[in-house]
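Novice: Quick one: sequence plus predicted model below, questions after.
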Amino acid sequence: WVERLSAGTVLLHGWACADDVRLVRAVDEVVALAPLRGMATPGGQAMSVITSSCGDWGWFSDRRGYRYSAVDPDSGRPWPAMPDALRELAQGAAAAAGFSGFDPDACLINCYLPGARMGLHQDKDERDFSAPIVSVSLGLPADFLLGGLRRADKTARIALRHGDVLVWGGPDRLRFHGVRPVPPGDHPLLGGRRINLTFRKAR
Ligand code: MD3
Ligand code: FE
């Protein structure tokens, strides 16, 4: 079912379940070409999430900062093309949430093993904040934290399960958000992992 969390945020419960095998296969194809890897924050802290990308632009982080690159810095090759299964899912979910015409040029793949988390942050490395962001959760469930426009704003905790798709844009595009440490578990399709796909318009 479709749940509107706030003016610019829609949670499409289980939206990706029907296509989950096709989506996981597409992710496997991408990470065979651009393997998941740990990254460091500009402050030098190791991130607990392992990451890859596909599409025209891949997001990454190192001691020099957060940025988008057209090539995988580990291989020097362009990021793998965005598989149709992923692009179609993102476009369909955005349209269902009221953002028709969304055409992502970047898909970040975040893999969480038990204990991995993501601290409170804003997504602001994109050039144009008028496009929405689409986030697809697969595998182990996680609690995500949805804050306000200031870091100190109170956060709400929202359970994200396999197949849930979150779309946010407009007034919510710059809200702080994060992910609580993922509890151990065994998912039928993904085993002891949570995969999150984040589709964005980077440029
Ligand atoms: C709704 N990744 O890579 S959670 C990121 O689960 C990132 O890996 C999260 O944040 C992850 O930058 C995405 C979904 C989410 C995130 C932020 C929101 C939903 C949101 C902000 C406002 C409303
Ligand atoms: Fe984010």
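Specialist: Now that the structure is in, tell me what you want to look at. Numbers count the residues shown, from 1 in each chain. Ligands and ions are numbered 1, 2, ... in the order given.
Novice: can we go C-alpha only for contacts and neighbour counts from here?
Specialist: Will do.
Novice: Longest strand in this structure, please.
Specialist: strand 46-55 (DSSP state E).
Novice: what's near enough to touch residue 74?
Specialist: Under the criterion of Cα atoms under 8 Å, 6 or more residues apart in numbering, residue 74 has no contact partners.
Novice: how about the residues of the protein near ligand 1?
Specialist: For the chain, the contact set with ligand 1 under Cα under 6 Å from any ligand atom comprises 9, 110, 123, 135, 146, 166, 168, 172, 175, 177-179, 196.
Novice: Now the helix or strand following the longest strand of the chain: buried residues?
Specialist: Next in sequence after strand 46-55, counting helices and strands by DSSP states H and E, comes strand 58-62. By 16 or more other Cα atoms under 10 Å, the buried positions in strand 58-62 come out as 58-61.
Novice: quick check: angle from the following helix or strand past strand 58-62 to strand 58-62?
Specialist: Toward the C-terminus, strand 58-62 is succeeded by strand 65-69 as the next helix or strand (DSSP H and E). Strand 65-69 and strand 58-62 meet at an angle of 150 degrees, taking axes from the mean of the first three to the mean of the last three Cα atoms, to 10 degrees as the criterion.
Novice: count of neighbours near residue 53?
Specialist: Residues lying near residue 53 (other Cα atoms under 10 Å) number 29.
Novice: For it, which non-adjacent residue is spatially closest?
Specialist: Excluding the flanking residues, the one nearest residue 53 by Cα to Cα, 6 or more residues apart in numbering is residue 108, at 4.5 Å.
Novice: Assumed the one you found was part of a strand.
Specialist: Yes - judged by DSSP: H, G, I helix; E, B strand; the rest coil, residue 108 forms part of a strand.
Novice: For it, which residues are in contact?
Specialist: Contact analysis of residue 108 by Cα under 8 Å, 6+ apart lists 51-54, 58-59, 197-199.
Novice: Let me know the closest of those residues to residue 88.
Specialist: Taking Cα to Cα as the measure, residue 88 sits nearest to residue 199 out of these, at 11.1 Å.
Novice: quick one, the longest strand of the chain and strand 58-62 angle?
Specialist: Strand 46-55 runs at 150 degrees relative to strand 58-62, counting by the same axes, to 10 degrees.
Novice: So what touches strand 46-55?
Specialist: Here strand 46-55 makes contact (Cα under 8 Å, 6+ apart) with 30-31, 34-41, 58-59, 79-82, 105-113, 115-118.
Novice: Check stretch 160-174 too.
Specialist: Applying Cα under 8 Å, 6+ apart, the contact partners of stretch 160-174 are 6-17, 20, 93-94, 97, 122-124, 129-144, 149.
Novice: For ChimeraX, what selects the buried ones among these?
Specialist: Buried subset of the contacts of stretch 160-174, written as a ChimeraX selection, criterion 16+ other Cα under 10 Å:
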select :8,9,10,11,12,13,14,15,16,17,20,93,94,97,122,129,131,132,133,134,135,136,137,138,139,140,141,142,143,144,149
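Novice: and the contacts of stretch 160-174, which of them are in strands?
Specialist: Members of the contacts of stretch 160-174 lying in strands (criterion: DSSP E): 6, 9-12, 133-139, 142-144.
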